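Undergrad: Pasting a predicted model and its sequence here:
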Protein chains: 2
Amino acid sequence: MVTKKEDKKEHIIDTAERVFGEFGYEGASTRLLASEAGVNMAMLNYYFGSKDGLLRAVLERRISSMRAVLEDIYQQPITNWQKLERMIEAYLNRVLTNNCFHRLVQRELSLAQRHDTADLISEHVFLNLKVMRQVIVDGMADGTFREVDAEMTIASVIGTKYYLLNSTDILSRLLNADMQDKVQLEEVIKPRVKKHLLSLLKSYLLKQNEEK
Amino acid sequence: MVTKKEDKKEHIIDTAERVFGEFGYEGASTRLLASEAGVNMAMLNYYFGSKDGLLRAVLERRISSMRAVLEDIYQQPITNWQKLERMIEAYLNRVLTNNCFHRLVQRELSLAQRHDTADLISEHVFLNLKVMRQVIVDGMADGTFREVDAEMTIASVIGTKYYLLNSTDILSRLLNADMQDKVQLEEVIKPRVKKHLLSLLKSYLLKQNEEK
DNA sequence: CAAAGTTAATCAATCGATTAATTAATTAAC
DNA sequence: GTTAATTAATTAATCGATTGATTAACTTTG
């Protein structure tokens, strides 16, 4: 039964995603990874070859799907503002739901001395950013958006989300909400970020933001 | 001669700040830290007690001064917009210049399983954010700012800088500039971020942003 | 009974930390 | 001032613990 083996692999990857996210790559020992997943330590090497292979498996599982979503939105026959709206919403859902994963990604990217895996992510993330930038560039070209620094605007959008994600502790205090709590995150924080980002971008990008 | 000893300690802290920033806390071994600083490994424990003590020394050196700067700006007899302007400029100068340090701080804060030192930073950063938030709250109270989500607005400002700092590699490609290069960072990136953030906040916060 | 899956035991390497011995710097004695 | 005594600074060697990885034996599966 292939299913059972694949289920086990999936379970290990699930666990590793969380443990890597909580402890960092260096901080998560193979023994910890194994015991958290409830398997023998040797199984990690049996399935993934090495600790690095496990990290790669964690990354590759999620890495490509995000761009597919963005590309799909980009192709839709809607206004550039609507595209931006949907992209932000899609990104927000991804990032805040699979928060362990995105924390892991962000942390590994921030290391100057990186693993080979970092380049793997780097390329994919870069392409994601380019799609989002293109929407802003298109919007400026067709005259619906003001002339802004497209790249920096993207950086502000993504930066807001990553900051929320990676400084959970501090922001929980500032926002008066427990961001560790999945329910609060989903029902309070997420709508709040969404509203904020859209309102921020609306007043910055859209020319006709006086009438409403 | 006390100076010589203190110079040596300072040199070790300087080096540790960079190495921790590049490799992460777990990734930077005591042997590496020592050899990069050009001292015997035992000297680290002699001066700082432990690896953790060295990290604490790195953090404590910079941690308190930022708030002093912000508090000073907050007390000045200027408009809230001007306060915000100056705070952003001050923050930007700090963060982009001592980038290794701020990368280190952010990375340690993003770990769910943290060192005691993380709480030390957490408190200070939180207080910094509160001061900046207060400026926005004040501005809304005196009617010069629109009614916005003050906490989220702060998150966007800090988040922008955070993202620039921690995804250097990707953003260098997106911005078409080498952010590792100190000169370009100082003369190209910094003014560009500054202009972007101020222009973004201006259109979002200030009511009279039509005339100019 | 052959292949895949799983285990406990163990590998060398590296981790942070400490030791005891040595050198340099400071202080005290005269 | 010179020298002896005392403290501080520095070194190489080594500590036990833990790291990622591998082995060989064992169990399950098809």
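TA: That came in fine, so what should we check first? Numbering: from 1, shown residues only, chains lettered A, B, ... in the order given.
Undergrad: Please make it C-alpha for all contacts and neighbour counts, starting now.
TA: Noted.
Undergrad: Break chain A into its domains for me.
TA: Each domain of chain A is listed here as a residue range: A:1-49, A:51-205, per the TED database.
Undergrad: closest to DNA strand C out of the ones you listed?
TA: With distances scored as Cα to the nearest atom of the strand, the stretch of these nearest to DNA strand C is domain A:1-49 (3.9 Å).
Undergrad: From the chain's centroid, how far away is that closest one?
TA: Distance, stretch centre to chain centre, for domain A:1-49: 21 Å (Cα atoms, centre = their mean, to the nearest Å).
Undergrad: tell me, which of the domains of chain A is the model least confident about?
TA: With a mean of 88, domain A:1-49 has the lowest mean pLDDT of the domains of chain A.
Undergrad: wait, residue A:122 sits on residue A:108?
TA: No - applying Cα atoms under 8 Å as the test, residue A:122 and residue A:108 come out as separate, 10.0 Å apart.
Undergrad: Looking at these two, which has the bigger crowd around it?
TA: residue A:108 (24 against 17; other Cα atoms under 10 Å in any protein chain shown).
Undergrad: next helix or strand past the helix ranked longest in chain A?
TA: Criterion DSSP state H: the longest helix present in chain A is helix A:116-141. Following helix A:116-141 in sequence order, the next helix or strand is helix A:150-166 (DSSP states H and E).
Undergrad: give me the number of residues near the residue in chain A that DNA strand D sits nearest to?
TA: Nearest residue of chain A to DNA strand D (Cα to the nearest atom of the strand) works out as residue A:29 at 3.1 Å. Other residues lying near residue A:29 total 15 when counted by other Cα under 10 Å.
Undergrad: Tell me how far it lies from chain B.
TA: Going from residue A:29 to chain B by Cα to the nearest Cα, to the nearest Å gives 11 Å.
Undergrad: phi, psi of that residue?
TA: Here is the backbone geometry of residue A:29 (degrees, to the nearest 10): phi -80, psi 160.
Undergrad: So which residues on chain A come close to DNA strand D?
TA: When proximity is defined by Cα under 7 Å from any atom of the strand, chain A lies next to DNA strand D at A:1, A:26-31, A:41-42, A:45, A:49-52.
Undergrad: Dump those to a markdown table, plus distance to residue A:192 and secondary structure.
TA: Shown next, in a markdown table, are these (distance: Cα to Cα, whole Å; DSSP: H, G, I helix; E, B strand; the rest coil):
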| residue | distance to residue A:192 | secondary structure |
| --- | --- | --- |
| A:1 | 45 | coil |
| A:26 | 34 | coil |
| A:27 | 33 | coil |
| A:28 | 33 | coil |
| A:29 | 37 | coil |
| A:30 | 38 | helix |
| A:31 | 39 | helix |
| A:41 | 42 | helix |
| A:42 | 45 | helix |
| A:45 | 43 | helix |
| A:49 | 43 | coil |
| A:50 | 41 | coil |
| A:51 | 38 | helix |
| A:52 | 37 | helix |
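Undergrad: thinking again about what came up before, identify the contacts common to residue A:122 and residue A:108.
TA: By Cα atoms under 8 Å, 6 or more residues apart in numbering or on different chains, residue A:122 and residue A:108 have no common neighbours.
Undergrad: Need the winner for burial among the domains of chain A.
TA: domain A:51-205 (a mean of 18; mean count of other Cα atoms under 10 Å in any protein chain shown).
Undergrad: check whether that one contacts DNA strand C.
TA: No - counting by Cα under 7 Å from any atom of the strand, DNA strand C has no neighbours in domain A:51-205; the shortest distance is 13.4 Å.
Undergrad: coming back round to it: what angle do helix A:150-166 and the longest helix of chain A make with each other?
TA: Interaxial angle of helix A:116-141 relative to helix A:150-166 (axes from the mean of the first three to the mean of the last three Cα atoms, to 10 degrees): 130 degrees.
Undergrad: which strands and helices sit next to helix A:116-141?
TA: Contacts defined by 3 or more Cα pairs under 8 Å, 6 or more residues apart in numbering or on different chains; DSSP states H and E place helix A:116-141 against helix A:51-63, helix A:65-75, helix A:80-97, helix A:99-109, helix A:150-166, helix B:168-175.
Undergrad: and the angle from the longest one to helix A:51-63?
TA: Taking the same axes, to 10 degrees, one finds that helix A:80-97 is oriented at 140 degrees with respect to helix A:51-63.
Undergrad: Which elements pack onto helix A:80-97?
TA: Looks like helix A:80-97 contacts helix A:65-75, helix A:116-141, helix A:150-166, helix A:190-205 (3+ Cα pairs under 8 Å, 6+ apart).
Undergrad: Just the angle for the second one relative to helix B:168-175, thanks.
TA: Interaxial angle, helix A:116-141 versus helix B:168-175 (the same axes, to 10 degrees): 30 degrees.
Undergrad: quick one: helix A:116-141 to chain centroid distance?
TA: Relative to the chain's own centre, helix A:116-141 is displaced by 13 Å; criterion: Cα atoms, centre = their mean.
Undergrad: and what of the shortest one?
TA: When C-alpha coordinates are averaged (Cα atoms, centre = their mean), helix A:65-75 and its chain have centres 14 Å apart.
Undergrad: for the third one, same thing?
TA: The chain centroid and the centroid of helix A:150-166 are separated by 11 Å, computed with Cα atoms, centre = their mean.
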